[in-house]
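Visitor: Here is a sequence with its predicted model. Questions after.
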Amino acid sequence: MSAMAATKAPTSGRDYGYENARVRGMRSRLLTPQFFDDLMMSADLTRIIQALINTEYGPYIETAIIKGRTPAAMDEALRANMVATFQKIAGFLNAEASELIGTLLGRWDLFNLKSIVRGKHMHLKAEEIEDGLYAVGALTPIDLHLLVGLEDIRAVVDTLVTWGSPYAVPLRENLAAYGESGNLATLELALDRYYFGWAAARLSRRRDNTKLARHILGLQADSVNLVTVFRLLNSDIGDVDPKSFYLPGGAFVDEALFISLAAMSDVDEVIDGLKKTPYSRQMESVIARYVEESSLPVFERALEDFVMRKALDAGRGDPLGVGITIGYLWAKQNEITNLRIIIKCTSVGMPADRMRKELILV
């Protein structure tokens, strides 16, 4: 499975000079914090459209708003830009970078399949599911469109089997258990374990670039595990062993620490249990907001912030390594996430000071 399977063949070798020069040029066009500050002061969606029409998002917005100047149209434009940007980068990566970046971008296949399975579980309409997908992995827009149009989860699994998709294996193995319990987490955890296991195996070499990509993967696994810990605090899992929720391959959260955290009774204990990890300060920085809002997504967003900043740091190391591309891809994703948040918040009249709390500005 390659996240770059549908793109142009990569250049040979491990020469990063050409691609990094192009990525630096693309990074120079990312929106500035000042631009976001100005955008948050926009009174309505029309002003946001006017501001963005003069950026690289302009052509995508002009195409999308033919259907109407709505948040949904803007979301469509942002998704289209992200897909086009990621595919553009895929076209000029060298062989090593193509494998490493393709492995990390495999998380979008994971995201898309989990979104489709979740949507079928909730009996959402096909277009509702498709509107949240990002075709930047091995699954093409045509693949995703076909999958969301299927009747139910079993039909999705059967189709993946027909295609020979490796994701069919964990889904098929756990379909009966899901059918008996109706617990969607059974399928989602199976997908998580497959992806992180597959990606870790591909990133097992000892070269510096591979170790860097492996570290980013490990941070993502940690993030999933810590979100699981926070969710378990508010869940009654009966006699189920918390260890069954653990996702191997993390950078700092091993199985012993996960089990220890999962046994704790409140958020303060969990954060105290993270004292010896790099996540401690990040979690402490949002504890007051969690208390104020009593919302677990506060921790999820803080973990996204942590992983994103570590990915950006990867681009500040070796100027002739894969870190520059990793950093840019995460920065681009974060930019689009920030824009989506501003558009959504503006459409419901949220004040700029509250809106700013939802953003990750770098």
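Guide: Structure received.
Visitor: how about low-confidence regions in the stretch 201-350 of the chain?
Guide: Low-confidence segments of the stretch 201-350 of the chain (pLDDT under 70): 236-238.
Visitor: just to confirm, which helix or strand has the spatially most distant residue from the centre of the chain in it?
Guide: Each residue of the chain has a distance to the centre, and by CA atoms, centre = their mean the biggest one is for residue 239: 31.4 Å. Assigned by DSSP states H and E, residue 239 belongs to no helix or strand.
Visitor: Residue 331 versus that one, what's the distance?
Guide: Per CB to CB, to the nearest Å, residue 239 is found 44 Å from residue 331. In this view, the C-beta of every residue, glycine as well, is placed from N, C-alpha and C.
Visitor: in stretch 204-213, what's buried?
Guide: Under the neighbour-count criterion of 16 or more other CB atoms under 10 Å, stretch 204-213 has 209, 210, 212, 213 buried.
Visitor: what's the span of that stretch from first residue to last?
Guide: Counting by CA to CA, to the nearest Å, you get 10 Å between the two ends of stretch 204-213.
Visitor: Use 7 as the first number for this chain going forward.
Guide: Done: numbering now begins at 7, and the last item shifts to stretch 210-219.
Visitor: contacts for that stretch?
Guide: Contact partners of stretch 210-219, identified using CB atoms under 8 Å, 6 or more residues apart in numbering, comprise 20, 102-103, 106-107, 109-110, 209, 220, 320, 323-324, 327-329, 332.
Visitor: and these, which are buried?
Guide: Here, 16+ other CB under 10 Å leaves 102-103, 106-107, 109-110, 209, 220, 320, 327-329, 332 buried among the contacts of stretch 210-219.
Visitor: Of the residues you listed, which belong to helices?
Guide: Judged by DSSP state H, the buried ones among the contacts of stretch 210-219 include 102, 103, 106, 107, 109, 110, 220, 320, 329, 332 as members of helices.
Visitor: The first one reaches residue 20, doesn't it?
Guide: Yes - counting by CB atoms under 8 Å, residue 102 touches residue 20, with 4.4 Å between them.
Visitor: rewinding a little: so which of the ones in helices among the buried ones among the contacts of stretch 210-219 comes closest to residue 35?
Guide: Residue 35 lies nearest to residue 332 out of these, by CB to CB, at 17.9 Å.
Visitor: ok so residue 116 is a helix residue?
Guide: Yes - counting by DSSP: H, G, I helix; E, B strand; the rest coil, residue 116 is part of a helix.
Visitor: Give me the neighbour count for it.
Guide: Residue 116: 20 surrounding residues under other CB atoms under 10 Å.
Visitor: That one - nearest residue in space that isn't next to it in sequence?
Guide: Excluding its sequence neighbours, the residue lying closest to residue 116 (CB to CB, 6 or more residues apart in numbering) is residue 201, at 4.3 Å.
Visitor: same thing with residue 238?
Guide: In space, and not counting its chain neighbours, residue 238 is closest to residue 268: 5.3 Å by CB to CB, 6+ apart.
Visitor: That's all I had, so thanks and see you.
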